[in-house]
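1. I would like the atomic coordinates for the input below:
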Amino acid sequence: MQTDRLTSALPVIAALLAGFGLLQLGNTLQGTLLAVRGGMEGFSPTVIGMIGGAFFAGLMAGSLVTGRLIRRVGKTRSFAALASMASMVPILHLLWIDPVVWIVARMLTGFCFAGLFVVVESWLNAAAINQMRGQILSIYGMTGLVAGVMGQLLLPVADPGGYVLFAVVSLILTGAVLPLTLSQADPPPLPTGTLRIDLRRLYAQAPFGLAAAFLCGVSTGAFFSLAPVLAQSIGLQHQGVAVFMATGAIGAAAMIWPLGALSDRMDRRLLVVATATVAAIALAGMTQFTPSGASTWIYFVLVFLFGGLVVPIYSVVLAHVNDSVPPSEFVAASGGMLIAQGAGAALGPLVIGAAMTAFGPRALPALTVVAQILIVLLGFWQIRRHAAPARTEEFQPQPPTPVGTELIAVSQEKTAPPR
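-> Got it, this is the predicted structure:
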């Protein structure tokens, strides 16, 4: 019976993963493209940081309200409408090259992506049988990472100063509609109810986890928004910027599984502290070399270490929080963690972008070092005060883009496997 159900679900799972991969492919290309083109148009790092942070602000806003849209018109129609709207936005960036327009447009993209990810995640979760849910959600996370690498490598396809890359992003996002809308599978029933997220209670249960999630958001949000500016400052051209960004994403994809396996065998907090310590050292090296004319391969090694050490930390922190809260509160805790991470990802590019305007490009790795050191200090403080919680959840890689919605939470709550 379970095998038959999985076999019947495979086509829709493949369609969902294909659509999600195309969304991530287009979005990562668009994020790097906007940073590079913004620099070519004379935008300051402060403005570029605001554009990058606007995506995460829109993502958070959309995660709180798009569930109502999906309940009203259904998952398939919502997915098609939001993907169509998202595919229009790159053209808006091209037609009105203005900082205010770009900030609003990038926020609109984040809003649309929140709903798109809700549909994919909730549908995947409902389609998977209990015995395979963890593996499928892990494949989902890895799909996001691999698509992120491929999206960065598309930057040299055309001149960022022209219109072709914006059209490519629009085409990719439009194509993301096809796998799901052409699928013959019916969407699962829409859940009812709301998710109550209590950040104060979550902080009381897992203070280190909530604080670390915010700092992870600061670090990754600033990197994906502003690293192209850093790459340009050290003399990399468009192809070099693409390889620079892809190297960070490759580091994340390469290290997330080894770190996850380690976290299932030791105190997760200690692993987070050790990882953040090494990340801080690597970023301090990047600060020292920026922009000193060091060999290009040194920067690539450092950004690989950044991606491999900083990006996966959130997944380990989330696993630690899952160990710290009762099973009945796991969904609410996950939603609270995503809000904290999203808030950091929205604020980080703004603050660090302003610092880059004032102090130069090395402010990006320097302030990210500060974020990693804070994670280390908070981790040591927590380890000294409390014993490690018993492990109740195996590690699962998380997509690089934070999404938290009441719809996916309710869907997970209704279909979660017994503990």
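2. okay, and for the stretch 251-400 of the chain, where does confidence drop off?
-> 291-294, 327-332, 334, 388, 390-400 (pLDDT under 70).
3. show me where it has helices.
-> For the stretch 251-400 of the chain, the helices defined by DSSP state H, counting those that start in this stretch occupy 268-289, 296-310, 313-324, 330-359, 363-385.
4. okay if I get those as CSV plus mean neighbour count and distance to Val146?
-> For glycine as for every other residue, the C-beta is placed from the backbone atoms N, C-alpha and C. Formatted as CSV, those follow (neighbours: other Cβ atoms under 10 Å; distance: least, Cβ to Cβ, whole Å):
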stretch, mean neighbour count, distance to Val146
helix 268-289, 21, 21
helix 296-310, 22, 13
helix 313-324, 24, 15
helix 330-359, 23, 21
helix 363-385, 20, 24
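5. For the longest helix along the chain, which helices and strands make contact with it?
-> Counting by DSSP state H, the longest helix found in the chain is helix 2-40. With contacts taken as 3 or more Cβ pairs under 8 Å, 6 or more residues apart in numbering; DSSP states H and E, helix 2-40 sits against helix 45-73, helix 75-95, helix 99-127, helix 130-153, helix 164-175, helix 177-181, helix 207-233, helix 238-263.
6. Make a markdown table out of the helices of the stretch 251-400 of the chain and add distance to Met255.
-> Below are the helices of the stretch 251-400 of the chain laid out as a markdown table (distance: least, Cβ to Cβ, whole Å):
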| stretch | distance to Met255 |
| --- | --- |
| helix 268-289 | 9 |
| helix 296-310 | 3 |
| helix 313-324 | 10 |
| helix 330-359 | 18 |
| helix 363-385 | 15 |
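7. if we can go back for a sec, pick out the shakiest of the helices and strands packed on helix 2-40, pLDDT-wise.
-> Among those, helix 130-153 carries the lowest mean pLDDT, at a mean of 77.
8. Any buried residues in that one, and which?
-> By 16 or more other Cβ atoms under 10 Å, the buried positions in helix 130-153 come out as 132-133, 136-138, 140-149, 151-153.
9. looking at the helices and strands packed on helix 2-40, which is buried most?
-> helix 207-233 (a mean of 26; mean count of other Cβ atoms under 10 Å).
10. So the residue nearest to Pro156 when sequence neighbours are not counted versus Gly39, what's the distance?
-> The spatial neighbour of Pro156 that comes closest, neighbours along the chain excluded (Cβ to Cβ, 6 or more residues apart in numbering), is Gln239 at 4.2 Å. Distance of Gln239 to Gly39, computed by Cβ to Cβ, to the nearest Å: 16 Å.
11. what do you get for Ile281?
-> Taken as Cβ to Cβ, the span from Ile281 to Gly39 is 28 Å.
12. Next: Pro389.
-> 45 Å.
13. try Phe244
-> According to Cβ to Cβ, Phe244 and Gly39 sit 14 Å apart.
14. Same check on Thr143?
-> In terms of Cβ to Cβ, Thr143 sits 30 Å off from Gly39.
15. Same check on Val229?
-> Taking Cβ to Cβ, one finds Val229 at 6 Å from Gly39.
16. anything in contact with each of these two?
-> Applying Cβ atoms under 8 Å, 6 or more residues apart in numbering, one finds that Val229 and Gly39 are jointly contacted by Ile48.
17. Wait, Leu29 touches Ile172, no?
-> Yes - the pair Leu29 and Ile172 passes the contact test of Cβ atoms under 8 Å, sitting 7.3 Å apart.
18. returning to that earlier point: of all the helices of the stretch 251-400 of the chain, which one comes closest to Ser183?
-> Closest of the helices of the stretch 251-400 of the chain to Ser183 is helix 330-359, at 26.6 Å (criterion: Cβ to Cβ).
19. for that closest one, packing partners?
-> helix 45-73, helix 199-205, helix 207-233, helix 313-324, helix 363-385, helix 406-415.
20. could you give the angle of the third one to helix 2-40?
-> Relative orientation of helix 207-233 and helix 2-40, computed by axes from the mean of the first three to the mean of the last three Cα atoms, to 10 degrees: 50 degrees.
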